[in-house]
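> got a predicted model here, sequence first, then my questions.
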Amino acid sequence: MIAASWNIVTDAAWRLASTPTPSLNIDPNDVTPGPAGFFVVALLAAAVFLLIFDMQRRIRRVNHRAEIRERLQAEVDERDRASGADDEGTATDSGIDPRPGDKPF
């Protein structure tokens, strides 16, 4: 009998001590971004896509220019070797006139 009454007391204590479950009294319009938030995220996504596309184009262009420079340098080196120029690094004209604004490589 003491055990039964003790179970009732502890059960009542646990029920009184437990925190109540909160109810949802939140307006969904207060916590959602709505159409304006969607458009902002969509514009950001479009801007990031365009930036990535442009960066890929620029990287391709730089790589292509570097490849062309290497080919031209290889042709100049081969021509110098064929003409009998020494390999000690003498300055020779490559025969390529730089365009205005080009930087030497």
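Cool, the structure landed. In this text the structure is predicted, and so the values were computed from the model without any measurement.

> who does the longest helix anywhere in the chain touch, helix- and strand-wise?
For the chain, the longest helix by residue count, based on DSSP state H, is helix 34-83. The criterion is 3 or more CB pairs under 8 Å, 6 or more residues apart in numbering; DSSP states H and E, and there are no helices or strands that helix 34-83 contacts. C-beta here means a position set from N, CA and C on the backbone, and glycine is covered the same way.

> pull the distance from it to the chain's centre.
Using CA atoms, centre = their mean, to the nearest Å, the distance from the centre of helix 34-83 to the centre of the chain it belongs to is 15 Å.

> averaged pLDDT, that helix. What do you get?
When pLDDT is averaged along helix 34-83, the result is 95.

> kindly report the same for stretch 15-29.
Rounded to a whole number, the mean pLDDT of stretch 15-29 is 71.

> between the two ends of that stretch, what distance do you get?
The stretch stretch 15-29 measures 35 Å between its terminal residues, going by CA to CA, to the nearest Å.

> which residues does it contact?
With CB atoms under 8 Å, 6 or more residues apart in numbering as the contact definition, stretch 15-29 has no outside contacts at all.

> repeat that with 10 Å
Identification of contacts with stretch 15-29 by CB atoms under 10 Å, 6 or more residues apart in numbering yields G34.

> please shift the residue numbers so they start at 7 in all later answers.
From this message on, residue numbering opens at 7, which makes the last subject stretch 21-35.

> buried sites along that stretch?
By neighbour count, with 16 or more other CB atoms under 10 Å as the criterion, stretch 21-35 contains no buried position.

> starting at the chain centroid, how far to that stretch?
Centroid separation for stretch 21-35 versus its chain: 41 Å, with CA atoms, centre = their mean.

> may I see the buried residues of stretch 49-66?
If you call a residue buried by 16+ other CB under 10 Å, then stretch 49-66 has no buried ones at all.

> send the alpha carbons of that stretch over as PDB?
Taking only C-alpha atoms (Å, rounded to 0.1, in the frame of the first residue of the first chain), the coordinates of stretch 49-66 have been written out as PDB:
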ATOM      1  CA  LEU A  49      18.400  37.600 -58.600                       C
ATOM      2  CA  LEU A  50      21.400  36.500 -56.500                       C
ATOM      3  CA  ALA A  51      21.400  33.100 -58.100                       C
ATOM      4  CA  ALA A  52      21.300  34.600 -61.600                       C
ATOM      5  CA  ALA A  53      24.100  37.000 -60.700                       C
ATOM      6  CA  VAL A  54      26.300  34.200 -59.400                       C
ATOM      7  CA  PHE A  55      25.600  32.100 -62.500                       C
ATOM      8  CA  LEU A  56      26.500  35.000 -64.800                       C
ATOM      9  CA  LEU A  57      29.700  35.700 -62.800                       C
ATOM     10  CA  ILE A  58      30.700  32.000 -63.000                       C
ATOM     11  CA  PHE A  59      30.000  32.000 -66.700                       C
ATOM     12  CA  ASP A  60      32.100  35.100 -67.300                       C
ATOM     13  CA  MET A  61      35.000  33.800 -65.200                       C
ATOM     14  CA  GLN A  62      35.100  30.600 -67.200                       C
ATOM     15  CA  ARG A  63      35.200  32.500 -70.400                       C
ATOM     16  CA  ARG A  64      38.100  34.700 -69.100                       C
ATOM     17  CA  ILE A  65      40.000  31.700 -67.800                       C
ATOM     18  CA  ARG A  66      39.600  29.900 -71.200                       C
END
